[in-house]
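Visitor: This is the structure alone, sequence omitted:
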RNA sequence: GUGACCGUAGCUCAAUGGUAGAGUCCCAGAUUGUGAUUCUGGUUGUUGCGGGUUCGAGCCCCGUCGGUCACCCCA
């Protein structure tokens, strides 16, 4: 291994240009989907008071945080998620905005955990939330947003689906089965493991709570019928033509204690994949964090870049779409070849003029043989090479893919390029 | 936090306990005005690190750090 100073910390990534372009491709899909649905982008701080997370998740969470005491002796933590900041800001500032708020944020989050597939210590998360709307229309709107983003990346209903559940279904079960309501969270944690544990192990845990595996299985079968609290959400998504993505699945409860209604997870239809996004309704969280000063219903969606990136690589459609996007990012309209160093000043003027015209143009900063400059043009993904040499102001323009060369002059260069290229690349 | 597997050139990987190599990438030249291929030359290593066994360790043993995967957890 190289010297310690040359490697990133465990679970942290160095994003070289290709990695950065991949990230930007995902960000663009998130941002575009949110924009299409009327969500406004906002941004909060990366560092927050550790107490914000204690208040939301309890003292245990501190073990999973990057946290320290700052020079002002404040206990602070790098954010492990975006929702607490949102809740804090909304509780403080909600009177400045008409309800419902439709806000989204993209940002780095940090968790001090063992890195593994789909999980790093620094990752990007996209959160979209609707605050101040209690109807299930908001829940459906967010699920539709998640589907829209995934479709923008090239996923179809053959690749991904949404599993939909509702905490109230289980509250009802707890009531009906006569379980101790104080044990609801413990009960839901058992349900969360429904698919991962053996029925006998589940049964043992459920009996300790006052029910049985068989009773829960029977309940889940009846709960799948779409006539409970999920019916309006499903009907809404059906009306949008997104029904193919949706599966009612009571087994989805998500670990979070603060969910109060709808909960959902996006997952890959490929076997063994982990959830790529999730969310749900959290009508009490803002009230909890503000000590009751502000109570607003809310529903949120969160999607991380790591699992999503893995899934893009593993799914042909999205992978090809991303490759096409990467090729576009790296491309240039023209590479100006300085064939005669005496003409470098003229070449620079051409470069500048083409750039001011909105074209993507590059050239060799140092003097180099023409062959080298053509290689550089090729490697940079340039679509044409413009040769500036002794015949100035006449110029040769070569379409690199077609290997065709035409002669023009400096005054007509822009028009010649446009004719050769059809249209310049989209502006970066 | 637990466990398994793996650490050799920038990258992908070889090397029976006996002189550390190949491909690729990168740089330069063949080529003083045109990209691919090809050819030639070149740079690159305390074999992750630290101990131990041995005449001798990339190889065996112990520890440690890191990577990957699974478990736990997953906001």
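Guide: Happy to help now that I have it. Everything numeric here is computed off the predicted structure, so don't read it as measured data.
Visitor: and the gap between residue A:129 and residue A:337?
Guide: To residue A:337, residue A:129 is 52 Å away according to CB to CB, to the nearest Å. In this view, the C-beta of every residue, glycine as well, is placed from N, C-alpha and C.
Visitor: for residue A:416, same thing?
Guide: According to CB to CB, residue A:416 and residue A:337 sit 15 Å apart.
Visitor: repeat for residue A:300
Guide: Distance from residue A:300 to residue A:337, by CB to CB: 53 Å.
Visitor: more neighbours, residue A:416 and residue A:337?
Guide: residue A:337 (25 against 17; other CB atoms under 10 Å).
Visitor: How about the contacts made by that one?
Guide: Counting by CB atoms under 8 Å, 6 or more residues apart in numbering, residue A:337 makes contact with A:363, A:364, A:370, A:373, A:374, A:377, A:385, A:386, A:387, A:388.
Visitor: tell me the pLDDT at it?
Guide: Per-residue confidence at residue A:337 stands at 95 (pLDDT).
Visitor: Write down the beta-bridge partners of it, one by one.
Guide: residue A:387 (DSSP bridges).
Visitor: Also residue A:301?
Guide: Counting by DSSP bridges, the residues bridging with residue A:301 are residue A:128, residue A:279.
Visitor: now it: how far from RNA strand B?
Guide: 11 Å (CB to the nearest atom of the strand, to the nearest Å).
Visitor: again with residue A:166
Guide: Counting by CB to the nearest atom of the strand, the gap from residue A:166 to RNA strand B is 16 Å.
Visitor: Let me know whether that residue touches residue A:259 as I believe.
Guide: No. Using CB atoms under 8 Å, residue A:166 is not in contact with residue A:259; the gap is 9.2 Å.
Visitor: I'd like to know how many residues surround residue A:80.
Guide: Quick note: residue A:80 (other CB under 10 Å) scores 21 neighbours.
Visitor: contacting residues for it?
Guide: Contacts of residue A:80 (CB under 8 Å, 6+ apart): A:53, A:61, A:64, A:65, A:109, A:110, A:111.
Visitor: Please apply the same query to residue A:19.
Guide: Listed by CB under 8 Å, 6+ apart, the contact set of residue A:19 reads residue A:13.
Visitor: if I look at it, how far off is residue A:316?
Guide: 21 Å.
Visitor: do residue A:34 as well
Guide: Taking CB to CB, one finds residue A:34 at 26 Å from residue A:316.
Visitor: ok, these two, which is more surrounded?
Guide: When residue A:34 and residue A:316 are compared for neighbours, residue A:34 comes out ahead with 24 against 9, by other CB under 10 Å.
Visitor: And the more buried one, what's its pLDDT?
Guide: In this model, residue A:34 carries a pLDDT of 98.
Visitor: Need the three-state assignment for it.
Guide: Following DSSP: H, G, I helix; E, B strand; the rest coil, the label given to residue A:34 is helix.
Visitor: That one and residue A:105 touch, don't they?
Guide: No. With contacts counted by CB under 8 Å, residue A:34 stays clear of residue A:105, the gap being 9.5 Å.
Visitor: any residues in contact with both of those two?
Guide: Jointly contacting residue A:34 and residue A:105 under the rule CB under 8 Å, 6+ apart are A:41, A:126.
Visitor: what about the closest residue to RNA strand B within the stretch 151-300 of chain A, distance to residue A:188?
Guide: Closest approach between the stretch 151-300 of chain A and RNA strand B, counting by CB to the nearest atom of the strand: residue A:255, at 3.1 Å. For residue A:255, the distance to residue A:188 (CB to CB) stands at 8 Å.
Visitor: In terms of packing, which of those two has more residues around it?
Guide: The neighbour comparison of residue A:255 against residue A:188 (other CB under 10 Å) goes to residue A:188, with 20 against 10.
Visitor: For the more buried one, list the residues it contacts.
Guide: By CB under 8 Å, 6+ apart, the contact list for residue A:188 reads A:167, A:170, A:253.
Visitor: Secondary structure added to those residues, as a markdown table?
Guide: Listed next are those as a markdown table, based on three-state DSSP:
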| residue | secondary structure |
| --- | --- |
| A:167 | helix |
| A:170 | helix |
| A:253 | coil |
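Visitor: Just give me the least confident of these.
Guide: Lowest confidence among those: residue A:253, with 83.
Visitor: Leaving out sequence neighbours, find the closest residue to it.
Guide: With CB to CB, 6 or more residues apart in numbering as the criterion, residue A:253 has its nearest non-adjacent residue at 4.6 Å, and that residue is residue A:188.
Visitor: how close does that neighbour get to residue A:216?
Guide: Applying CB to CB, the value for residue A:188 to residue A:216 is 11 Å.
Visitor: Please apply the same query to residue A:116.
Guide: 30 Å.
Visitor: Compare the two and say which is more crowded by neighbours.
Guide: Neighbours were counted for residue A:116 and for residue A:216 using other CB under 10 Å; residue A:216 has more, 23 against 8.
Visitor: Touching, that one and residue A:187? I think so.
Guide: No. Under the criterion of CB under 8 Å, residue A:216 is not in contact with residue A:187, lying 9.1 Å apart.
Visitor: which residues do the two both contact?
Guide: Shared contacts of residue A:216 and residue A:187, defined by CB under 8 Å, 6+ apart, comprise residue A:206.
Visitor: Counting neighbours, what do you get for residue A:87?
Guide: 27.
Visitor: ok, of the contacts of residue A:337, which one's closest to residue A:148?
Guide: Within the contacts of residue A:337, the smallest distance to residue A:148 is 38.4 Å, found for residue A:377 (CB to CB).
Visitor: Which strand or helix spans that closest one?
Guide: Residue A:377 belongs to helix A:370-379 when assigned by DSSP states H and E.
Visitor: Next, the buried residues of that helix.
Guide: A:373, A:374, A:376, A:377 (16 or more other CB atoms under 10 Å).
Visitor: Put together a markdown table for those residues, with pLDDT on each row.
Guide: Converted to a markdown table, those look like this (pLDDT from 0 to 100):
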| residue | pLDDT |
| --- | --- |
| A:373 | 93 |
| A:374 | 92 |
| A:376 | 91 |
| A:377 | 92 |
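Visitor: Of those, which is the nearest to RNA strand B?
Guide: For the buried residues of helix A:370-379, the nearest to RNA strand B is residue A:374 (3.4 Å; CB to the nearest atom of the strand).
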